[in-house]
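Chemist: Sequence first, predicted coordinates after that:
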Amino acid sequence: MVKLLLILNFIAMPIYELPKLPYELDALEPQISKETMEYHYLKHHQAYVTNLNNLIEGTKYEKMPLEEIIKNSDGPLFNNAAQTWNHTNFFLALSANPKARPDGELAKAIERDFGSFDKCKEEMTKAAQGLFGSGWAWLAADSEGKLSVMPMSNGQNPMIKNLTPLLCIDVWEHAYYIDYRNRRPDYITALWDKIDWAVIEKRYSDR
């Protein structure tokens, strides 16, 4: 499983921190504005991280890896742990200068399981556009490397089904409403221009 967050400060309880992005907040413009990043990353994502730290303090979860918290919790703890992980997966897959298409083993797996890279994107787009309410569209791999697309509501994550999450499209309204208002399809179309397939390739090879 790809480790997205580092556990810091081992003297006291583990503290999860907002991950440092490999790009500036305005680097994804015009597809994603600096204002959206200020709210989505600095406020929404930070709130999940803060809530997670508060919820694990003094519990059996405080020294548990984040992935294990997600697999072994429910209610508010699950929601904040999963949303911390999901947002990190989402933001770290974006780039100002992304690799536009995968190659290597991931490209072969996409060809095998979807027929083509374009068909994979179509399935992801359909899942993201069609998800009712808030949630995520995921590209995930099983233990043998077989790929599937999964629309999941709220904070759900493929790892609860023993799959490796590779790529997600965030379709909570706070991800796009500043820039696109209620035009979710326009947001999803624009987002493909900032997804870095070099990151997704590494996640696939590291699974």
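Modeler: Cool, the structure landed. Model, not experiment: these values are computed from the prediction.

Chemist: same question for the longest helix along the chain, mean pLDDT?
Modeler: The single longest helix within the chain, with elements called by DSSP state H, is helix 75-92. For helix 75-92, mean pLDDT rounds to 98.

Chemist: buried sites along that helix?
Modeler: Neighbour counts over helix 75-92 (16 or more other C-beta atoms under 10 Å) mark 77-92 as buried. (Glycine included, C-beta is placed from N, CA and C.)

Chemist: Can you classify residue 25 by secondary structure?
Modeler: coil (DSSP: H, G, I helix; E, B strand; the rest coil).

Chemist: count of neighbours near it?
Modeler: Applying other C-beta atoms under 10 Å, we find 17 residues neighbouring residue 25.

Chemist: re earlier: who touches the longest helix of the chain?
Modeler: Identification of contacts with helix 75-92 by C-beta atoms under 8 Å, 6 or more residues apart in numbering yields 4-5, 16, 19, 21-22, 40-41, 44-45, 48-49, 51-52, 55-56, 61, 66-67, 69-70, 73, 136, 154-157, 165, 167-170, 199.

Chemist: Return the closest of the buried residues of helix 75-92 with respect to residue 183.
Modeler: residue 90 (19.1 Å; C-beta to C-beta).

Chemist: domain assignment for this protein?
Modeler: Structurally, the chain divides into domains by automatic domain parsing as follows: 34-92, 104-206.

Chemist: Between the two ends of stretch 137-153, what distance do you get?
Modeler: 9 Å (C-alpha to C-alpha, to the nearest Å).

Chemist: related to what we said a few turns ago, adding distance to residue 27, write the domains of the chain out as TSV.
Modeler: Formatted as TSV, the domains of the chain follow (distance: least, C-beta to C-beta, whole Å):
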stretch	distance to residue 27
domain 34-92	9
domain 104-206	9
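
Chemist: Which stretch among those approaches residue 26 most closely?
Modeler: domain 34-92 (4.0 Å).

Chemist: Filter the contacts of helix 75-92 down to the buried ones, ChimeraX style.
Modeler: Entered in ChimeraX, the line below selects the buried ones among the contacts of helix 75-92, by 16+ other C-beta under 10 Å:
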select :4,5,16,19,21,40,41,45,48,49,51,52,55,56,61,66,67,69,70,73,136,155,156,157,165,167,168,169,170,199
